[in-house]
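A.B. asks: sequence and predicted structure below; questions after.
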Amino acid sequence: MTNLTLEEKVAKALFDVKAVKINVGEPFTFASGIKSPIYCDNRYVLGFSKERDTIVEAFVERIDKDVDVIVGVATAGIPWASFIADRMKKPLAYVRNKPKDHGAGKQIEGAEVKGKKVVVIEDLITTGKSSLIAVDVLQKEEVRELEVKSIFSYGFDSAKENYAKYNCKFSSLSNFDVLIRLLAQTDYLTQNEAGIALEWSKNPEKWGK
């Protein structure tokens, strides 16, 4: 595959390391409760330096250079935020899913974010609810400007609706449609599996019921 777009390069990095899992017989269950025949395990990519670099470089290309702080969502977004902050020479912070129950009881750790332009890094967006916990915390901390960027998104309408409630911009380096299109050109997915995955993506809440 030559002359790939950024979205295609990221999707290819994911399936090159077999981070994409297929199981039609025993579907995966997302944190939202949605059943899926396909799952993208972005944590797995951390173990592969070449593909990891591809993703970090894609993030750096898509992040505004005047951003003040790179913020990771606990836990999956933290390593990616760390790589990006190091590459861009920017301050780093991360947001817990709830405040610590000891010590200073902080929910935001690392760099100061109040009044700053921040970008929140997440590995995967399904409905968006996990990263919006961080968005809510950061908005209450009165950041100046905020957006969320993830490695991959399933493209659910529910994610768009949830982010709209917080008036928050979000985008992903790659997405489900790009991934399936590329996989269908390889022997990684059979035509039947690709068809099932596309059918699922049209109505994920109802699929398999």
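C.D. replies: Here it is on my side, so go on. Residues are numbered from 1 along each chain as shown.

A.B. asks: could you pull out the helices in this structure for me?
C.D. replies: Along the chain, the stretches classed as helices by DSSP state H are 6-16, 49-62, 77-88, 129-140, 157-165, 176-183, 191-202.

A.B. asks: could you tell me the angle between the longest one and helix 6-16?
C.D. replies: Note on geometry: by axes from the mean of the first three to the mean of the last three Cα atoms, to 10 degrees, helix 49-62 and helix 6-16 are set 160 degrees apart in direction.

A.B. asks: tell me where the model's unsure across this structure.
C.D. replies: 1-2, 102-104, 208-209 (pLDDT under 70).

A.B. asks: what about stretch 41-48, distance to the chain center?
C.D. replies: Its chain's C-alpha centre and that of stretch 41-48 lie 12 Å apart, by Cα atoms, centre = their mean, to the nearest Å.

A.B. asks: just the residues contacting it, thanks.
C.D. replies: By Cβ atoms under 8 Å, 6 or more residues apart in numbering, the surrounding residues in contact with stretch 41-48 are 13-14, 17-21, 51-52, 55, 76, 79, 123-124, 151-152. From N, CA and C alone the C-beta is placed, and that goes for glycine too.

A.B. asks: can I get the CA coordinates of it in CSV?
C.D. replies: Taking C-alpha atoms only, stretch 41-48 is exported to CSV below (Å, rounded to 0.1, in the frame of the first residue of the first chain):
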residue,chain,number,x,y,z
ASP,A,41,-7.2,-2.7,21.2
ASN,A,42,-5.0,0.4,21.0
ARG,A,43,-3.1,-0.5,24.2
TYR,A,44,-1.6,-3.4,22.3
VAL,A,45,0.2,-1.0,19.9
LEU,A,46,2.3,0.4,22.8
GLY,A,47,4.5,-2.7,22.5
PHE,A,48,5.6,-1.9,18.9
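
A.B. asks: burial measure for E193, as a count.
C.D. replies: E193 has 18 neighbours, counted by other Cβ atoms under 10 Å.

A.B. asks: give me every residue that touches the closest residue to it other than its chain neighbours.
C.D. replies: Leaving aside its chain neighbours, E193 sits nearest to I22 (5.7 Å; criterion: Cβ to Cβ, 6 or more residues apart in numbering). Neighbouring residues of I22 by Cβ under 8 Å, 6+ apart: P37, I38, L189, E193, A197.

A.B. asks: turn these into JSON lines, including distance to L173.
C.D. replies: Below are the contacts of I22 laid out as JSON lines (distance: Cβ to Cβ, whole Å):
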{"residue": "P37", "distance to L173": "23"}
{"residue": "I38", "distance to L173": "18"}
{"residue": "L189", "distance to L173": "20"}
{"residue": "E193", "distance to L173": "23"}
{"residue": "A197", "distance to L173": "19"}
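
A.B. asks: circling back: can you flag the buried ones in the contacts of stretch 41-48?
C.D. replies: Neighbour counting with 16 or more other Cβ atoms under 10 Å marks 13-14, 17, 19-20, 51-52, 55, 76, 79, 123-124, 151-152 as buried within these.

A.B. asks: closest to Y166 out of the residues you listed?
C.D. replies: Y166 lies nearest to L124 out of these, by Cβ to Cβ, at 18.1 Å.

A.B. asks: done for today, thanks.
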